[in-house]
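**Q** With the input below, show me the fold.
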Amino acid sequence: MSRLTLAAVLVASASAAFAQTSVPPEQLNDTQKAGQKLFYQSCGVCHLKPQITAPLYGPALSKESASGNEAAIRTIISDGLVRMPGFKYQFNEQQIAQIASYVLALPPSPPAPPAQPR
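**A** Residues are numbered from 1 along each chain as shown. Coordinates of the predicted model:
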């Protein structure tokens, strides 16, 4: 594979990875925009890939997370899970609701491509 082809594949992969976790701003309401800022500041470290080759520490989130149940998402953000800290002392109820609203606006992640044989 030539370097140019490899570079094109990497750029396309990076664009696809970012597209999985973002929503065009014009499609978000004010609550979701506020939630997006909080999500990128506090949740992105685990739920977003910092670069193409880096793993996710937490699951990719989308409107399918917690079966799309906003109350469940708020509870998880507030109280945490086994491997996730709770944020009830960092965010107030309104901020938690904003993050949950943003998560519910995220499109589902496409399935992972099958592994290539070596």
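**Q** quick one: the strands in the chain?
**A** Counting by DSSP state E, the chain forms no strands at all.
**Q** Tell me which residues touch the spatially closest residue to residue 45 that is not a sequence neighbour, please.
**A** Excluding its sequence neighbours, the residue lying closest to residue 45 (Cβ to Cβ, 6 or more residues apart in numbering) is residue 57, at 7.4 Å. Yep, even glycine has a C-beta here, placed from its N, CA and C like the rest. Residue 57 is in contact with 45-47, counting by Cβ atoms under 8 Å, 6 or more residues apart in numbering.
**Q** Check the gap between residue 22 and residue 83 for me.
**A** According to Cβ to Cβ, to the nearest Å, residue 22 and residue 83 sit 24 Å apart.
**Q** now swap in residue 101 and tell me
**A** Residue 101 is 24 Å from residue 83, by Cβ to Cβ.
**Q** who has more neighbours, those two?
**A** Shown here are residue 101 and residue 83; by other Cβ atoms under 10 Å, residue 101 has more neighbours (21 against 8).
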